[in-house]
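**Q** heads up, no residue letters with this:
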């Protein structure tokens, strides 16, 4: 039994989403067992909960402050020195590797490559490790500033970004983002919901903003009789009930959900999704060929996701209720001419089998004896 160690962290859903998809893909391989590890939750669960909540508050309530932190992490030669504060995490990681004896290590969070290379510098010998980058285009240097056996990126432009910064071309793999296997396993004859003249326009609104702005958007969307809305309200039961009260008797038809694990299904059965430009959400929308209206962009890591859609003309920014309504009206006008254009562009960009492709490549490469990544790129640590 060959063991694969997949390292993730809860600071943004994209890391965990990619890790889960990779685990499912590795577990399909005969004689392979993949294990997910969140070292931060394992090492100090209470501190991890506090810092995760603090991170979410920072990006939502003080995005300009977070933007400054993000850019300092990207540009400062001193940023990597802060990782020395994770000596306890590094020691725990070393013990896990020694106990599990994995055949390969895969990271979906940038800090791990630095910890792994520090362990190598301290004399610990172990298998090759690979970095799966969950951001697009505007990639923080923490992802590539220390060696890996290979980097997997979301698209060719992101690959060019890494190569332009000195990452060896033969170690950059333009795989796509490892989305849920549900996208690859949809029926071969799958097609998006029909956009028939006079038929309902199916709109998915994934709420991930403050309650006030979200309710204002919901009120506007509910005024349009030909729109069929699905609204995901998260784990706040009272918030969900408030939206349900707004939807009662409204011109639009609406289904209000709480927390759900049906996001792949919902994206593949709706014409448009309204959401912030998170890594997982953006990539899942791409692979569902569901055009996105971007209601919010977190400065730093999400800017590249928004730029990816803009660059491929596969969606549009729309942050206020009126901007969202206007964008939807444009999208569906003329029997959905703009929607069909966006959808066709997404089909060219989608890589629904990325998780399996990454797993297959790592299984192939990790069997090669020359697996030391230390010559891959100049380390800053």
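**A** Looks like it came in fine. Note that this is a predicted model, so its numbers are computed, not measured. Numbers count the residues shown, from 1 in each chain.

**Q** isn't residue 157 right next to residue 137, touching?
**A** Yes - using CB atoms under 8 Å, residue 157 makes contact with residue 137 at a distance of 5.9 Å. The way it works is simple: take the backbone N, C-alpha and C, and place the C-beta from them, glycine included.

**Q** Quick check: neighbours shared by those two?
**A** Counting by CB atoms under 8 Å, 6 or more residues apart in numbering, the residues touching both residue 157 and residue 137 are 308, 311.

**Q** And for stretch 306-316, what's in contact with it?
**A** By CB under 8 Å, 6+ apart, stretch 306-316 touches 136-138, 154-155, 157, 277, 282, 285-286, 291-294, 297, 317, 327, 341-342, 345-346, 348-349.

**Q** are any of the residues you listed buried, and which?
**A** Among the contacts of stretch 306-316, those classed as buried by 16 or more other CB atoms under 10 Å are 136-138, 154-155, 157, 277, 282, 285-286, 291-294, 297, 317, 327, 342, 345-346, 349.

**Q** Domain-wise, how is the chain divided?
**A** Following automatic domain parsing, the chain resolves into domains at 2-183+353-375, 187-349.

**Q** average model confidence for the longest one?
**A** Confidence over domain 2-183+353-375, taken as the mean pLDDT, stands at 90.

**Q** for the protein, what spans make up the strands?
**A** 2-8, 32-38, 104-107, 129-132, 150-153, 172-174, 201-206, 227-232, 253-257, 272-276, 292-296, 315-317 (DSSP state E).

**Q** Out of the ones you listed, flag the one nearest residue 62.
**A** strand 292-296 (14.1 Å; CB to CB).

**Q** partner strands of the closest one, parallel or antiparallel?
**A** strand 272-276 (parallel), strand 315-317 (parallel) (DSSP bridges).

**Q** quick one, which of those strands is nearest to residue 206?
**A** strand 272-276 (4.1 Å).

**Q** the inter-axis angle of that closest one versus strand 201-206?
**A** 20 degrees (axes from the mean of the first three to the mean of the last three CA atoms, to 10 degrees).

**Q** Mind listing residues that contact strand 272-276?
**A** 201-206, 208-209, 217, 267, 281, 285, 290-298, 302, 318, 324, 328, 331, 339.

**Q** Taking their axis directions, it and strand 227-232 sit at what angle?
**A** Using the same axes, to 10 degrees, the inter-axis angle of strand 272-276 relative to strand 227-232 is 40 degrees.

**Q** for strand 272-276, the distance to its chain's centre please.
**A** 14 Å (CA atoms, centre = their mean, to the nearest Å).

**Q** and it, which residues are buried?
**A** Result for strand 272-276 [16+ other CB under 10 Å]: buried residues 272, 273, 274, 275, 276.

**Q** Please apply the same query to stretch 82-89.
**A** When neighbours are counted by 16+ other CB under 10 Å, the buried residues of stretch 82-89 are found to be 83, 86, 89.
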